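Asks: curious how this folds, go ahead:
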Amino acid sequence: MIPKAFETLGTPDWESILAIPEIDMFSTDPYYHVFGMDREWAIKTAKRTVALAQKFGKKSQLWLQLFRLPGGEEESVSTLIPTYRNLGVDSIFGWSYLANAGTSISSDNPDVLWKLITDEYRRIT
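Replies: I've put the predicted structure just below:
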């Protein structure tokens, strides 16, 4: 679910969705650069995601922005992995493979971002 960040974008009522018995995992993508927010907003959204998933007995999942990331922000995003892990999230994914290198939505420094992301993933396995 896209986090409710704007009046016209996002899903405001996460609890109704989490109450659906057939849902076993709740996931969101707090891409703070895309939404014009800051890193703290992503962490606040992550805390809410984990807490609500636990409240409803679901697994939690968070996504990292690996596309259209401005140069110089790679470490800020990659260090969300241990931060999210410490919050108790069940799984962490990134959109998309190789930080979208060679595509029209590539991050400014996809090789740097991909290396930092994979290094962080290795640390938590």
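Asks: tell me where the model's unsure across the protein.
Replies: 4-8 (pLDDT under 70).
Asks: so which residues of it form strands?
Replies: For the chain, the strands defined by DSSP state E cover 25-28, 59-65, 91-95.
Asks: what's the distance between the longest one and the middle of its chain?
Replies: Going back to what we said before, that points to strand 59-65. 4 Å (CA atoms, centre = their mean, to the nearest Å).
Asks: just the first one next, same as before
Replies: Remark: strand 25-28 is offset 10 Å from the chain centroid, using CA atoms, centre = their mean.
Asks: what does it contact?
Replies: 1-3, 14, 17-18, 45, 49, 52-53, 56, 58-63, 90-91 (CB atoms under 8 Å, 6 or more residues apart in numbering). Heads up, the C-betas are built off the backbone N, CA and C, glycines and all.
Asks: and the residues you listed, which of them are buried?
Replies: Neighbour-count burial (16 or more other CB atoms under 10 Å) applied to the contacts of strand 25-28 gives 3, 14, 18, 45, 49, 52-53, 56, 58, 60-63, 90.
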